[in-house]
Every structure is written in structure tokens, then in C-alpha cells.
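>>> sequence and predicted structure, then a few things I'm wondering about:
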Amino acid sequence: MHADVIDLRSDTVTRPTAAMREAMMAAEVGDDVFGEDPTVVALERRTAEILGKEAAVFMPSGTMTNQVAVRVHTEPGDEILLEAEAHIYYYEVGGPAALSGVMCRLLPGVRGIFGAAEVKAALRTWNVHYPKTKLVCIENTHNRGGGSVWPVERVAEVAEAARAAGLRMHLDGARLWNASVASGVPEREYARYFDSVSVCFSKGLGAPVGSALAGTEEFVERARRFRKQFGGGMRQAGIIAAGALYALEHHRARLAEDHVHARRFAEGLATIPGVELIGGMPETNMVVFRVKLLPAEVAMQRLAAAGLLVLPMDTDSLRAVTHLDVTAEQVERAVEIVRKIVRTEK
Ligand SMILES: *Cc1c(COP(=O)(O)O)cnc(C)c1O
């Protein structure tokens, strides 16, 4: 890609830093399916510790961690409750139906966030006709909610309603790191309301590959079996786990910088007539906006031609995501690129 191009499509486009590559090169490795990769073991332990859980298991993707969690918590024919635009439902290729044979019952949310009332409204009484409801999933930060952060009181309220009904709780915390940095609520404080927690190392933290699923020892033991069944048993995975471990230790606090950059980009957009911010100022590293006269696909192509890459969120809205490889100078330049394409449109 041209060095001048500013890539705000996703926080997954980062390249490993030199220090991260060094850590990867120096990683001690073994066969992880035999449980013999010391770097994977170290990453799993450290992740579990940060999340305040007994254990964690390393997997190639966040999709796999979520889908394995759903599989462990359910049996075919069960029902899971999740917000209508949750990643697990929206972006995981129908995984709950294909891999676990479960039904998704969708709850209404505001920027992806719902409350105890929505859970209670979806509860079923016992009836021979009904599927069994097993699980409530929460996504924090919420991707299609524009990187929105769950207030921890909301999580507590949903967890209480779920527990009272005998339901389990899963957290899709692909961007839990961002939620913690933005809210000041430590990861383990969020995590304590959940039976299982997924986290990604390959989003804001900037590692090349990897996610983890945490929970009790017993949960993780079952998750390991499904990871293998789903084809996610890796061998000398320490090479990539070392990048993830490096990212975990060195790139969490700096997410604050991405949040400042997203806010700065949004503030810049707010000064451009013809551009509308959707959902207000960003809470974390995502900015959702609309170039009013243009369909998202067209706006995206014009921006790309001018050197700014973003993704369409819907037919008329775009998403820009700040990350490790975005500088303050690029953010300023990105605003000017949007200003320019809006001006030429008139
Ligand atoms: C990216 C993401 C995932 C998992 O993505 P992979 O690309 O499979 O690693 C899960 N949940 C959310 C909210 C995400 O943004």
C-alpha cells in the first residue's frame, strides 16, 4: 500500500512493531496441542490473570472464541439472547446455527447496549413447545454500536436478571481493552459478571494473530475440546502467542491515544458542512459518520481515491477506526481529505 494512504478501515490492519517481531523471533515454542508450548501457556495464564478467571485458551480468531463459547454453553435446539447487531449474530457467518444448532433471539439495544428489562421480556416460562434459553451475550465495546462502552452497572443489572433466570453470561470482549481504558473499569471488574470472556489481541492491541477465551478450569477444558473439533488446535503457536503477549503487556494503556485520535477526527468532521456524525462523539476508537449527499459506497471510493480508507457501515454510513499505526498528523490529514471530497461534490 502507498505509504501516504491513511488506513482507517479497521484496527486489524496494524503491522507488528519491531519489538513485537523480536519477541516473536525469540519465542520458545513446543506443540501446543500437547500442551507443550511454553509461550502459549504463558499467554493463557497472563490473560486469565488480567481477566480474573481460572484459565484461558488461545485461539486463532475472535470468531472462534465466541463460537466455541456458544457451543460449550448450549445444546442443539437451545436459544441464546443477544443484541440485534451483536458481532456473534451479525458477522460470524451464521456460526450459532451452523456450529451449535442454536437459535438467536435478538434483543433491542441502543448503540448495542440493553438492560435487565430486555432480558426479562425475552424470558420464557416452562412449556413443552419452547426452546430452552441458555445464554445471554454482551459485546463490549460494541462494534456496530460505534465502539460504545457498557457502563459496568448495566452489565451488573443484566447479569442479575440472567442469573435469576438460570442463564449463563458470555462477554464478547474483542475490544474489552478499549472499554477498560475508556471507562477506567478494569477488565477483571467487567469480567466477573461473566461465565466466559472472549478477548482479541489482533485488534487494538496490534498483534498479528490471536484471541483467547477465559472462564473456569472446567469451562476451558471443554472449550479446548471444541477448539480442536472446530480445527483450531495449533502446533508451535508460541510464535504468534509471543506477539500477543507482547501486545498485552505493552499496548493496552496506549489505546487512550487511539481514543484521543478518534475524538479529534470526529471533532474535525463536525466542522464540515455536509458531514454528519452518527451516535455523537466517539467513546473509544471508532467514528461513524455520513457524507450526506453520497451513498456510503460512493463516498468510500472517493475517499480512497483521495488517500483515505474507511469502510461502509450501512448503505449511507461509514466507519473510521483509529489504531496503533495511525499518527496525529494522519488524523488531521484525514479530516482535510473528507473536507475536500465534500467540497468537490457541491
Ligand atoms: C472482530 C470482532 C470479533 C472477532 O473477529 P475475528 O476477526 O474473528 O478475530 C468478535 N467480536 C467483535 C465485537 C469484533 O469486533
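Arrived safely, thanks for sending.
>>> from now on I want contacts and neighbour counts done on CA atoms only, so please keep to that.
Noted.
>>> can you list the residue ranges for helices in the protein?
All helices of the chain, identified by DSSP state H, fall at 18-25, 38-51, 62-73, 87-90, 95, 116-122, 152-164, 176-183, 187-191, 217-229, 238-250, 255-270, 296-305, 328-345.
>>> model confidence over the shortest one, on average?
Right, helix 95. Averaging pLDDT along helix 95 yields 98.
>>> around the ligand, pick out the residues from the stretch 101-250 of the chain.
139, 142, 143, 172, 174 (Cα under 6 Å from any ligand atom).
>>> one step back: distance to residue 314 and mean neighbour count added to the helices of the chain, as JSON lines?
Listed next are the helices of the chain as JSON lines, based on distance: least, Cα to Cα, whole Å; neighbours: other Cα atoms under 10 Å:
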{"stretch": "helix 18-25", "distance to residue 314": "35", "mean neighbour count": "16"}
{"stretch": "helix 38-51", "distance to residue 314": "33", "mean neighbour count": "20"}
{"stretch": "helix 62-73", "distance to residue 314": "21", "mean neighbour count": "25"}
{"stretch": "helix 87-90", "distance to residue 314": "13", "mean neighbour count": "19"}
{"stretch": "helix 95", "distance to residue 314": "22", "mean neighbour count": "21"}
{"stretch": "helix 116-122", "distance to residue 314": "25", "mean neighbour count": "15"}
{"stretch": "helix 152-164", "distance to residue 314": "27", "mean neighbour count": "17"}
{"stretch": "helix 176-183", "distance to residue 314": "23", "mean neighbour count": "23"}
{"stretch": "helix 187-191", "distance to residue 314": "30", "mean neighbour count": "19"}
{"stretch": "helix 217-229", "distance to residue 314": "32", "mean neighbour count": "17"}
{"stretch": "helix 238-250", "distance to residue 314": "31", "mean neighbour count": "24"}
{"stretch": "helix 255-270", "distance to residue 314": "18", "mean neighbour count": "21"}
{"stretch": "helix 296-305", "distance to residue 314": "7", "mean neighbour count": "19"}
{"stretch": "helix 328-345", "distance to residue 314": "18", "mean neighbour count": "17"}
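>>> which stretch in these has the least confidence?
Looking at these, the bottom one is helix 328-345 with a mean of 92.
>>> between that helix and helix 255-270, how many degrees?
20 degrees (axes from the mean of the first three to the mean of the last three Cα atoms, to 10 degrees).
>>> for the nearest residue to residue 182 once chain neighbours are set aside, what are phi and psi?
Of all residues not flanking residue 182 in the chain, residue 284 sits nearest, at 6.4 Å (Cα to Cα, 6 or more residues apart in numbering). For residue 284, the backbone dihedrals (degrees, to the nearest 10) come out as phi -130, psi -120.
>>> go on, the one 10 residues further on?
For residue 294, the backbone dihedrals are phi -120, psi 140 (criterion: degrees, to the nearest 10).
>>> that one: what's its closest spatial neighbour, skipping adjacent residues?
With Cα to Cα, 6+ apart, the residue lying closest to residue 294 is residue 316, at 7.3 Å.
>>> neighbours around that neighbour, how many?
Residue 316 has 17 neighbours, counted by other Cα atoms under 10 Å.
>>> what score does it have for pLDDT?
pLDDT, read off for residue 316, is 92.
>>> hmm, it is touching residue 293, no?
No. Applying Cα atoms under 8 Å, one finds residue 316 not in contact with residue 293, separated by 9.2 Å.
>>> quick one on the thing from earlier: for the residue nearest to residue 182, give me its contacts.
147, 148, 149, 178, 179, 182, 258, 259, 262 (Cα atoms under 8 Å, 6 or more residues apart in numbering).
>>> output those in JSON lines; the columns should cover distance to residue 116.
Below are the contacts of residue 284 laid out as JSON lines (distance: Cα to Cα, whole Å):
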{"residue": "147", "distance to residue 116": "21"}
{"residue": "148", "distance to residue 116": "18"}
{"residue": "149", "distance to residue 116": "17"}
{"residue": "178", "distance to residue 116": "24"}
{"residue": "179", "distance to residue 116": "20"}
{"residue": "182", "distance to residue 116": "23"}
{"residue": "258", "distance to residue 116": "31"}
{"residue": "259", "distance to residue 116": "29"}
{"residue": "262", "distance to residue 116": "31"}
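>>> measure residue 239 to the ligand for me?
17 Å (Cα to the nearest ligand atom, to the nearest Å).
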